[in-house]
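# How does the following fold in three dimensions:
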Amino acid sequence: MLWNKDKLFCDINPTCYAISEQKEIFRRHIQDFLRKENFATSRSRKKLPNLVSSQSSHLIKRGKGIDIKLQENKAVNIRLACKKLNGLIIRPGEVFSFWRTVGKTSKRNGYKDGRVIVAGKLQPGIGGGLCNLSNTLHRLILHSPLEVTEFHSHSDALAPDEGKRVPFSSGTSVSYNYIDYRFRNNTDQNVQLLLWCDEDNLYGELRSEKEYPLVFDLEEEGHCFRKEGEKYYRISKIYKRAMNRKTGEVVNRQLVLDNHSEVMYDYDLIPEEMIKE
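Numbers count the residues shown, from 1 in each chain. Here you go, the predicted structure:
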């Protein structure tokens with residue numbers, strides 16, 4: 001048997017992948033213990049009075065090549081995770097951790113097979129689809145003064161855009177527990193997450209005790225698709241803008257994603273006018 005020295009241990013076979021994954025999970029537990037972060041754990045059914053930002057997204061995507069069963073399972077997974085997140089209070093100085101709040105996804109906990117990305121390919125996996133939820137969270141936080149402390153990206157082109165292009169409509173990756181999404185409340189007041197679903201949509205709100213002096217939005221530049229070799233990629237730069245609430249003056253503009261995302265859906269669904277050389 002010939003050994004490929006360039007092949008990672010986790011890529012040898014599924015067993016090696018599982019061993020590597022457990023190693024990373026254990027490493028994250030040790031890191032958290034040593035760092036002694038002050039994680040948010042308290043909840044309140046009472047809404048904080050000020051709406052900082054709100055977001056929504058469709059639970060189920062439909063289209064050519066999309067497995068509707070995995071989409072329906074994704075909706076189940078998101079509803080389960082929302083129950084853990086809804087009402088969470090993040091006090092000044094506290095850190096939000098997606099996985100410390102949601103907990104482990106397993107069949108025993110009611111989670112089902114949804115879409116996950118492994119080695120750059122979409123495939124079924126328990127708890128799949130929660131990246132949709134983490135991405136909604138990320139958009140909420142990007143529209144606020146809170147500080148993102150851990151972010152991992154995957155393709156921002158998992159499925160065709162539904163209607164008008166929304167910057168950061170996808171692309172936030174989570175995988176228990178070592179690929180986490182975290183932010184810190186670096187302000188002087190409590191904030192609260194509200195996350196819930198109806199039959200078709202996921203909704204999220206970030207609330208606070210009072211208004212912040214700045215408001216935030218996202219701006220995308222150079223959005224197009226480009227063929228590189230045999231694959232297509234979504235290309236763009238996404239900026240977070242901070243504006244004075246009273247005057248509308250832009251006081252800060254920060255690059256939050258230099259987007260180079262492999263298109264994970266049927267290339268025939270890419271709008272021809274969006275393909276650039």
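
# List the buried residues in stretch 86-103.
86-90, 94-102 (16 or more other C-beta atoms under 10 Å). Bear in mind the C-beta positions are built from the backbone N, C-alpha and C, glycine included.

# Among those residues, pick out the one closest to residue 222, please.
Nearest to residue 222, judged by C-beta to C-beta, of the buried residues of stretch 86-103 is residue 98 at 29.7 Å.

# How many neighbouring residues does the nearest residue to residue 153 once chain neighbours are set aside have?
Distance criterion C-beta to C-beta, 6 or more residues apart in numbering; nearest residue to residue 153, sequence neighbours excluded, is residue 171 at 5.2 Å. For residue 171, the count of nearby residues is 23 (other C-beta atoms under 10 Å).

# can you tell me which of the buried residues of stretch 86-103 are in strands?
89, 90, 95, 96, 97 (DSSP state E).

# Among those, which one lies nearest to residue 223?
Residue 223 has its nearest neighbour among those in residue 96, at 29.3 Å by C-beta to C-beta.

# residue contacts, that closest one?
Going by C-beta atoms under 8 Å, 6 or more residues apart in numbering, residue 96 touches 39, 40, 88, 90, 182, 183, 184, 185, 193.

# out of the buried residues of stretch 86-103, which one sits closest to residue 268?
For the buried residues of stretch 86-103, the nearest to residue 268 is residue 98 (34.5 Å; C-beta to C-beta).

# quick one, helices of the protein?
14-35, 68-85, 98-102, 130-142 (DSSP state H).

# which strands and helices sit next to the last one?
Pointing back at helix 130-142 there. strand 50-58, helix 68-85, helix 98-102, strand 147-150, strand 191-197, strand 201-208, strand 214-228 (3 or more C-beta pairs under 8 Å, 6 or more residues apart in numbering; DSSP states H and E).

# coming back round to it: can you pull the contacts of the residue nearest to residue 153?
135, 153, 154, 155, 156, 257, 259, 261.

# May I see those residues arranged in CSV, with pLDDT as well?
Listed next are those as CSV, based on pLDDT from 0 to 100:
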residue, pLDDT
135, 94
153, 91
154, 86
155, 87
156, 87
257, 95
259, 95
261, 94
